[in-house]
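>>> Sharing a model that was predicted from the sequence below.
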Amino acid sequence: MADLQRLADALKRDGGEVREAGPADAVDGVPATAVARPASADGVAAVLREATAQGLATVARGAGTALDWGAPPERVDLILDTTGLDRLVEHGAGDLVVVAEAGLPVAALSETVRAAAQELVVDLPPERLAGGSTVGGALSTGASGPRRLQRGGIRDLVLGATVVLADGTIASSGGKVVKNVAGYDLAKLLTGAYGTLGVVVRAAFRLHPARPDRAFVVATGPLADVAARARDVVASQLAPAAVEIDRPAGSDGAEVAVLLEGTTAAVGQRAAAAAELLGGRVQREPPAWWAVLPGAAAAGPFGTGVSTGSTTVGGATSASGVEPVETYGKATATLTGVADLLAAARGAEQRYGVGVALRGTAAGVLHTVVTGTPEATAYAVGHLRGAAPSPRDGTVTVLRAPREVRARLDAWGPVGGLDLMRAIKRQLDPGRSLAPGRFVGGI
Amino acid sequence: MAPSTATPLDIITAELIAELGSDQVITDRQRRRTYECDGLAAYRVVPGVVVLAQDPDDVAATVRACARNGVPFVARGSGTGLSGGALPHSDGVLVVMSQMRAIREVDVAAQRAVVDPGVINLQLTAATSPDGYYFAPDPSSQSVCSIGGNVAENSGGAHCLKYGFTTNHVTGLDLVTPGGERVEIGGKAPDPPGYDLLGALVGSEGTLGVVTAATVRLTRLPQEVRTLLAAFRSMDDAGAATSAIIAAGVIPAAIEMMDALAIEAAEAAVHCNYPAGAGAVLVVELDGPSPDVAGEFDDVVRLCEEAGSFEVRVAADDDERALIWKGRKSAFAAVGRISPDYIVQDGVIPRTALPLVLRQIAELSESAGVRVANVFHAGDGNLHPLVLFDGSVEGAVDRAEEVAGGILDLCLAHGGSITGEHGVGADKAKHMPRMFTADDLDTMQAVRCAFDPDGISNPGKVFPTPRLCGERPGRHQGAHPLAESGVAEVF
Ligand SMILES: Cc1cc2nc3c(=O)[nH]c(=O)nc-3n(C[C@H](O)[C@H](O)[C@H](O)COP(=O)(O)OP(=O)(O)OC[C@H]3O[C@@H](n4cnc5c(N)ncnc54)[C@H](O)[C@@H]3O)c2cc1C
């Protein structure tokens, strides 16, 4: 169905390549037909224009570290590999700004700006960083790490972006200065959009000066207690750079780790104060789980203390004997709701015989991994959603899950403003050419 | 039924009175005139009819009536905007939000507040500071501007260098869409699922609907605040000090700069008693945990002195701090003391281009024979040149506008922006094509079409030429009739 020759022709001037897709190019089990790897924004535009004219469904791919996040696309005719656009366009060290092409690995960007004692505070999980996660990928997945507590998420750091729409239109918004209110802030709209509105080809970010020193303060305790103490630190005047909570699956307790950054003298004093507030100990290094996604890599012993044989609820019975599977998602809560979320994790384990790991910022953005049968997982996700009094106070979105799990739940949960989102999609990608079905409401 | 000669405005006025009552619907021309302009008084249009909204239902009813009749509407907060964003339409409805002024909820434990759009920025800080919190975005107009206006303009203030702009502090909005539907977006929790509608809405200048409630972050008051005033012989020296501070890895809460002319004006107006003979002053404020502030403050003092500061005054207490800030905060108004008229320009440059651009502005000013006073947020390169003129002198306005426009050219030539915080509004829509391509603007307008297919929400602002929704880019078929009628009297 994809006319490879014409796609290749479209890329002739750009010098990019087009090839047939292999099994490794499948997106979350959906096989792809072709892969295009342009070398420039114009190349992306040319190949997208051609692909859309051919009626192809295109999925943008950076390093592929989160390609299976979001729902699997309905079909994948063309993979648009962005790794050919890997230039660091500009590092304005004196202005604390960096401009990079979308395919540049975040690790490479970080290395460059580190030379000027600066950093892009996105705190990608180390496994994504090591996997070559790109600027465009980090942006499109709305990456969130520990230090968002004070400095915000990647949507708060992005200053401008250039996107190629499905019809090949190249459009920029924002700019490369830290303060700018000219026009709509489309860079934020593209952040966390999973490539469903356009293919990001370039973005500008605000950088922060790397602080000279840091210290961690760590404490463990029962769930409610840890949540309360984490909150105390957030509410203190110690200005912690991060307050992270880790609650391994099957545990009655959790660990809280506080990051303090600053000059050596100041960090020492503040760490001591935080240790007192937290009833914890000061250490130089982060705990092993810091910024790491929970689950396979850092999985606690699945089912520890969990009655996996529980058959209390319909789902668990029919699913018994089915292999437990892992489902990764993002849970949000208010600062006060984090305690309820932690309690709900424990509750879900007890009721549905699953394991629920939670890890993330006390400010209310946590990664969660549910391990259990598909049926029990679906119930557990529902239970976690019930922790918040309303979706405005907390949500759980399923990002990576086996088909059997997806079939049993609403991966995104209630989405406020869905009609507006659909309308935006219709405007920017009327033919549903970009990652159809990957996003909320089947967008 | 209205007679066939009735205009859509007549019809909607009758409908609004029937639905909301005549107390809330102003038709009297004298009273309507009160709303003919915002903070940018150069543009004036008497609104066709004014609605004083009391609650979200009023707003929704009004907007639905507008949608039904194809009548444009403009939301208005406190009317302090400096780009004509709240400029009314003579054949449209002005929806005044200033009577919706209740703080709905302060959830200190969750560090959130839910407010009506008409709540005054400083009102929220006053309500939360006894608990140790405040609302971080602090435009100089904070004692009068509304949070709805802040949201629409993505307002910032002197302290946004460290704490960010309004967009970084909004986690939820209630919106009445231009179709009249009420939509709840986000809430107290961060990162609502789906597209970042909050990111699109904040800063959209009222063109995507009317905000009827905002959920915002409350920021913990810092343990310590320290403020200094450093006087320099020249702007170059003050600029060098700013660069040195940033290069040292310090992120001050604020770094503000004023030049000799701005100092002269402030002196005349509020007797702030800044050091005599200063060619430039810097106001630098650090805040945060005491141990950090103490150490970094010493560094900042040293860096200022090394850059040639001949006098550094450190505020010993809140009163002295207020005195230091008084000169800076009064600067805009103070310029009225030394010039009958002036244009407040708002442009952004990469901060490192500051010394060069300031020299270029000085050249521009000299060659045009137009005085320019400079007051600006030095830390983030947001310039506020005040272009002085005497409107009673033939041709003076034009010369001043030429200089103001030339300053924007300089900003763009250095990779900056035509507005850092005052917005595009009616005033700078014409400059947008200098910063963005037709495709850039078309794409933004496509997003607008998703919210407002009929183009009735604050038409004529932000974009120089409207786009017919449903049209693909590049296939325009003449101007949109509604916007045409609205824009015609503006430009
Ligand atoms: C002396 C002075 C100093 C200033 N200093 C600063 C500063 O330091 N930083 C800064 O950023 N700005 C500054 N401003 C500009 C202005 O105060 C801000 O833009 C402010 O946010 C406007 O708020 P407002 O309530 O007055 O809005 P208005 O002027 O009434 O409206 C501004 C825009 O917001 C829209 N709007 C208002 N309410 C709503 C709503 N509920 N829903 C949708 N749209 C709405 C209007 O349609 C309009 O487009 C200053 C202005 C003055 C006069």
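Received, thanks.
>>> nearest residue to the residue in the stretch 101-250 of chain A that chain B sits nearest to other than its sequence neighbours?
Proximity of the stretch 101-250 of chain A to chain B (Cβ to the nearest Cβ) peaks at A:Lys188, 2.5 Å away. In this view, the C-beta of every residue, glycine as well, is placed from N, C-alpha and C. With Cβ to Cβ, 6 or more residues apart in numbering or on different chains as the criterion, A:Lys188 has its nearest non-adjacent residue at 2.5 Å, and that residue is B:Gly199.
>>> pretty sure the one you found contacts A:Tyr184?
No: with contact defined as Cβ atoms under 8 Å, B:Gly199 and A:Tyr184 do not form a contacting pair (9.1 Å).
>>> neighbour-wise, which of these two wins?
Using other Cβ atoms under 10 Å in any protein chain shown as the criterion, B:Gly199 and A:Tyr184 rank with A:Tyr184 on top: 28 against 24.
>>> And the more buried one, how far from A:Ile170?
A:Tyr184 sits 16 Å away from A:Ile170, taking Cβ to Cβ, to the nearest Å as the criterion.
>>> Residue numbers of the stretch 301-443 of chain A in contact with the ligand?
For the stretch 301-443 of chain A, no residues are found near the ligand under the criterion Cβ under 6 Å from any ligand atom.
>>> so which residue of the stretch 101-250 of chain A comes closest to the ligand?
Residue of the stretch 101-250 of chain A nearest the ligand, by Cβ to the nearest ligand atom: A:Val181 (7.8 Å).
>>> And for the stretch 201-350 of chain B?
For the stretch 201-350 of chain B, Cβ to the nearest ligand atom, closest residue to the ligand: B:Gly206, 2.9 Å.
>>> same deal with the stretch 351-491 of chain B?
B:Glu421 (3.3 Å).
>>> which residues does the nearest residue to that residue once chain neighbours are set aside contact?
In this structure, B:Glu421 finds its nearest non-sequential neighbour in B:Gly156, 4.8 Å apart by Cβ to Cβ, 6+ apart. Each residue near B:Gly156 by Cβ atoms under 8 Å, 6 or more residues apart in numbering or on different chains is listed here: A:179, B:137, B:139, B:164-166, B:377, B:382, B:420-421.
>>> A strand includes B:Gly156, no?
No: assigned with DSSP: H, G, I helix; E, B strand; the rest coil, B:Gly156 falls outside any strand and is coil.
>>> if I look at it, how far off is B:Ile103?
Separation of B:Gly156 from B:Ile103 (Cβ to Cβ) stands at 22 Å.
>>> try B:Phe310
For B:Phe310, the distance to B:Ile103 (Cβ to Cβ) stands at 46 Å.
>>> pLDDT (mean, whole number) over stretch B:459-468?
The pLDDT scores in stretch B:459-468 average 93.
>>> Between its first and last residues, how far does it reach?
12 Å (Cα to Cα, to the nearest Å).
>>> and that stretch, how far from the chain's centre?
Distance of stretch B:459-468 from the chain centroid (Cα atoms, centre = their mean, to the nearest Å) equals 19 Å.
>>> is that stretch anywhere near chain A?
Yes: Stretch B:459-468 reaches chain A (Cβ under 8 Å from any Cβ of the partner chain) through B:Val462.
>>> quick revisit: please tabulate the contacts of B:Gly156 in TSV, including the columns neighbour count, secondary structure and distance to B:Ala126.
Converted to TSV, these look like this (neighbours: other Cβ atoms under 10 Å in any protein chain shown; DSSP: H, G, I helix; E, B strand; the rest coil; distance: Cβ to Cβ, whole Å):
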residue	neighbour count	secondary structure	distance to B:Ala126
A:Lys179	26	coil	26
B:Pro137	31	coil	15
B:Pro139	24	coil	15
B:Gly164	22	coil	21
B:Phe165	27	coil	21
B:Thr166	28	helix	18
B:His377	24	strand	24
B:Asn382	29	strand	26
B:Gly420	28	coil	26
B:Glu421	27	coil	22
